[in-house]
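Peer 1: Next input, structure requested:
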Amino acid sequence: MKKHKLPVKAYKNLEFLISREARVIRILSEYLEPLKRLRDFKINNTVLFFGSARINPKNSDSKLIPYYKEAEELAFKLAKWAIDLKKNGKNFVICTGGGGGFMEAANKGASKAGGKSIGMNISLPKEQHPNLYISPELGFEFHYFFMRKFWLAYKARAIIAFPGGFGTLDEIFEILTLVQTEKICKDDIYIMLYGEKYWREIVDFEALVKYKTISRKDLDLFHFSSDPEDAFLILKKNLIKHL
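Peer 2: All right, here's what the predicted structure looks like:
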C-alpha cells in the first residue's frame, strides 16, 4: 500500500522560515541562540571593543595605524589579567563586532594572551568577514543590527571605543544615550573613548554643553585614554567591582 508523504513540519520548512511572515521567529532565534551559547560557555561579563573595520595594519597611509597595535596590546593585557581571574570562577571576555580593523586587533590581542574572545559579526551587502582571531565556538553571525547591538552591550562591563566612523559613532552614542536615560545603570558599565585627540577633533563635546543639548554632568558618562597601560590600569580598577 502506497504511503502518503508526510507534510513538512513548520519548523523544518525553510521556505517558510525565510519568509516575511516568519520574521519574528528569526528575530527570536537571534536572541535565544546566543543566549544559550553564551550560557553554555559560561560567559558572564565582557569587555567590548568598538572601532573602525577599515584600518589595515599593512596600509601605512592611514594616520590611525598606531592605534591598531595599541588596541591589540590593550586587549592582550585585559585577557591576560582575566585568565588569572578565571581560576576563581570569574571572567571578563574580550568581545568585538567580529570584523577587521580594530575589532581584529582586539580579538588578536586576546588570542595572543591565550584567552578566548567573542566576535559578533553582521551580514552586510558588502560582506564583512569575521576575522581569524575569534574563538570559533564564540563566533556569531547576525542579520538584524538591533539584535547584534543588544548582545554586544548586554554582558559588557566596559566599552572601549577606538577611532571609527558612522558605525562606531552609532554604537557608542546609543550606549551613551542608554546610560544618560538610565536604561543602563552608570555603575554597570565603564565607557572609554580611546584616542583623545581623535575623539575631541571629531566631536565637539563642549559645544553640546554650550548649546545646552546635553548637561555638563553628561560629560562624566565617559572617559578618555590614549595609552594602553594607562587604559588597562583604569579599566582593571573599574572592572574589579563587578567581581
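Peer 1: May I see the buried residues of stretch 183-202?
Peer 2: In terms of neighbour count (16 or more other C-beta atoms under 10 Å), stretch 183-202 has its buried residues at 184, 189-195, 198-199. For every residue, glycine as well, the C-beta is placed using N, CA and C.
Peer 1: For it, what is the distance to the chain centroid?
Peer 2: Its chain's C-alpha centre and that of stretch 183-202 lie 13 Å apart, by C-alpha atoms, centre = their mean, to the nearest Å.
Peer 1: Among the buried residues of stretch 183-202, list the two that are farthest apart in space.
Peer 2: 184 and 198 (24.4 Å; C-beta to C-beta).
Peer 1: hey, where'd the strands end up in this protein?
Peer 2: 46-50, 93-96, 117-122, 139-142, 156-161, 190-194, 223-225 (DSSP state E).
Peer 1: same for the second one, what does it pack against?
Peer 2: Packing partners of strand 93-96 (3 or more C-beta pairs under 8 Å, 6 or more residues apart in numbering; DSSP states H and E): strand 46-50, helix 65-86, helix 102-112, strand 117-122.
Peer 1: Please work out which of the strands of the chain is packed deepest.
Peer 2: Mean neighbour count (mean count of other C-beta atoms under 10 Å) peaks for strand 93-96 among the strands of the chain, with a mean of 30.
Peer 1: Sheet-wise, list the partners of that strand with their directions.
Peer 2: strand 46-50 (parallel), strand 117-122 (parallel) (DSSP bridges).
Peer 1: any chance of those in TSV, with distance to residue 84 and mean pLDDT too?
Peer 2: Below are the strands paired with strand 93-96 laid out as TSV (distance: least, C-beta to C-beta, whole Å; pLDDT from 0 to 100):
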stretch	distance to residue 84	mean pLDDT
strand 46-50	15	97
strand 117-122	16	97
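Peer 1: mind checking which of those is nearest residue 3?
Peer 2: Here strand 117-122 is closest among the strands paired with strand 93-96 (C-beta to C-beta), at 43.8 Å.
Peer 1: hmm, who's touching the closest one?
Peer 2: Residues outside strand 117-122 that contact it (C-beta atoms under 8 Å, 6 or more residues apart in numbering) are 34, 43, 46, 75, 79, 93-99, 103, 106-107, 110-111, 128-131, 133-135, 138-143, 145, 148, 151-152.
Peer 1: Run the chain-centre distance for it.
Peer 2: With C-alpha atoms, centre = their mean, you get 7 Å for strand 117-122.
Peer 1: Same check on stretch 159-177?
Peer 2: Using C-alpha atoms, centre = their mean, the offset of stretch 159-177 from its chain centre is 10 Å.
Peer 1: do the same with stretch 150-160
Peer 2: Worked out by C-alpha atoms, centre = their mean, stretch 150-160 lies 6 Å from the chain centre.
Peer 1: switch to numbering from 699
Peer 2: Sure, I'll start counting at 699 from here, so that last one is stretch 848-858.
Peer 1: Start and end of that stretch, how far apart?
Peer 2: Stretch 848-858 has its terminal residues 16 Å apart, counting by C-alpha to C-alpha, to the nearest Å.
Peer 1: still on that earlier bit, can you add distance to residue 711 and give the strands of the chain back as JSON lines?
Peer 2: Below are these laid out as JSON lines (distance: least, C-beta to C-beta, whole Å):
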{"stretch": "strand 744-748", "distance to residue 711": "35"}
{"stretch": "strand 791-794", "distance to residue 711": "34"}
{"stretch": "strand 815-820", "distance to residue 711": "26"}
{"stretch": "strand 837-840", "distance to residue 711": "22"}
{"stretch": "strand 854-859", "distance to residue 711": "36"}
{"stretch": "strand 888-892", "distance to residue 711": "44"}
{"stretch": "strand 921-923", "distance to residue 711": "50"}
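Peer 1: Alright, I will stop here.
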